[in-house]
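Participant: just to be clear, the model below is a prediction. Sequence and coordinates:
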Amino acid sequence: MQSSTERALRLVRDLLDFTQARLGSGIPVMRTRGDIYVYIEHAVEELRATFPERELVLRLEGDGVGEFDGDRIAQVVHNLVTNAVKYGVNQPILIAVRGEASQVTLTVHNQGPAIDPELVPQLFKAMQRGKHSASTRLQSVGLGLFIVDQIALAHEGSVTVRSVAQEGTCFTVRLPRAMVDPTNAS
């Protein structure tokens with residue numbers, strides 16, 4: 001019952017985010033100063049409870065302090081890890097976060113079949129889903145990666161994917177530590 005309720009709530013939240021993004025206002029974020037590592041650690045702990053059968057390895061490197069929307073960062077981690085569980089094989093999923101001078105880089109890597117190269121340009125569009133999901137319990141409407149992309153953009157960041165059969169699939173989210181001040185932009 002709890003799993004069904006959580007799935008329904010995620011669907012409603014995703015549909016609301018999709019609607020806001022499509023209406024042109026984008027997904028709203030409320031950036032506050034904080035440690036992104038705290039948000040990510042909390043999200044990973046929740047995901048470990050959700051997927052106790054999967055090994056989630058978290059690696060943190062450098063400094064995680066910056067201006068982020070903690071709830072939205074947790075949503076990014078949730079969507080990427082759920083995607084890795086859905087399409088990867090039963091190998092550990094690596095969540096790595098590295099604080100760099102002006103940005104924080106989050107990667108989620110899983111082993112499994114490579115994403116069809118023809119599908120890659122469509123991955124971050126709404127209502128797109130990969131093929132061959134290992135779990136029917138994790139079927140979705142195809143908004144997760146679209147929302148990840150929109151949250152990264154709202155943080156003035158980006159998301160990319162690299163997927164190679166021998167290496168697995170790695171999603172990389174780059175987020176600047178602070179908003180760019182348009183009055184000081186050159």
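Facilitator: Cool, the structure landed. These numbers come from a predicted model, not from an experiment.

Participant: now do the SS call for the residue nearest the centre of the chain.
Facilitator: In the chain, the C-alpha nearest the mean C-alpha coordinate belongs to Val76, at 3.0 Å (Cα atoms, centre = their mean). Here Val76 is recorded as helix under DSSP: H, G, I helix; E, B strand; the rest coil.

Participant: for it, give me its contacts.
Facilitator: By Cβ atoms under 8 Å, 6 or more residues apart in numbering, the residues touching Val76 are Leu106, Val148, Ile151, Ala152, Val173. For every residue, glycine as well, the C-beta is placed using N, CA and C.

Participant: and what of Ser163?
Facilitator: Contacts of Ser163 (Cβ under 8 Å, 6+ apart): Ala114, Ile115, Val120, Thr169, Cys170.

Participant: repeat that for Gly34.
Facilitator: Per Cβ under 8 Å, 6+ apart, neighbours of Gly34: Val65, Gly66, Glu67, Phe68, Gly70.

Participant: what is the nearest of those to Glu55?
Facilitator: Glu55 has its nearest neighbour among the contacts of Gly34 in Gly70, at 24.8 Å by Cβ to Cβ.

Participant: tell me the two of the contacts of Val76 that are most distant?
Facilitator: Leu106 and Ile151 (11.2 Å).

Participant: hang on, the earlier thing: among the contacts of Ser163, name the buried ones.
Facilitator: Buried members of the contacts of Ser163, scored by 16 or more other Cβ atoms under 10 Å, are Ile115, Thr169, Cys170.

Participant: quick one, which of those has the minimum pLDDT?
Facilitator: By pLDDT, Ile115 ranks lowest within the buried ones among the contacts of Ser163, coming in at 89.

Participant: nearest spatial neighbour of that one, chain-adjacent residues omitted?
Facilitator: Using Cβ to Cβ, 6 or more residues apart in numbering and skipping the chain neighbours, the partner closest in space to Ile115 is Ser163 (4.0 Å).

Participant: quick check, pLDDT for the one you found.
Facilitator: 93.

Participant: tell me the secondary structure at it.
Facilitator: Classification of Ser163 by three-state DSSP places it in strand.

Participant: do you know how far it is from Val173?
Facilitator: 15 Å (Cβ to Cβ, to the nearest Å).

Participant: one step back: taking the contacts of Ser163 as a set, which two sit the farthest apart in space?
Facilitator: Farthest pair in these, by Cβ to Cβ: Val120 and Cys170, 12.4 Å.
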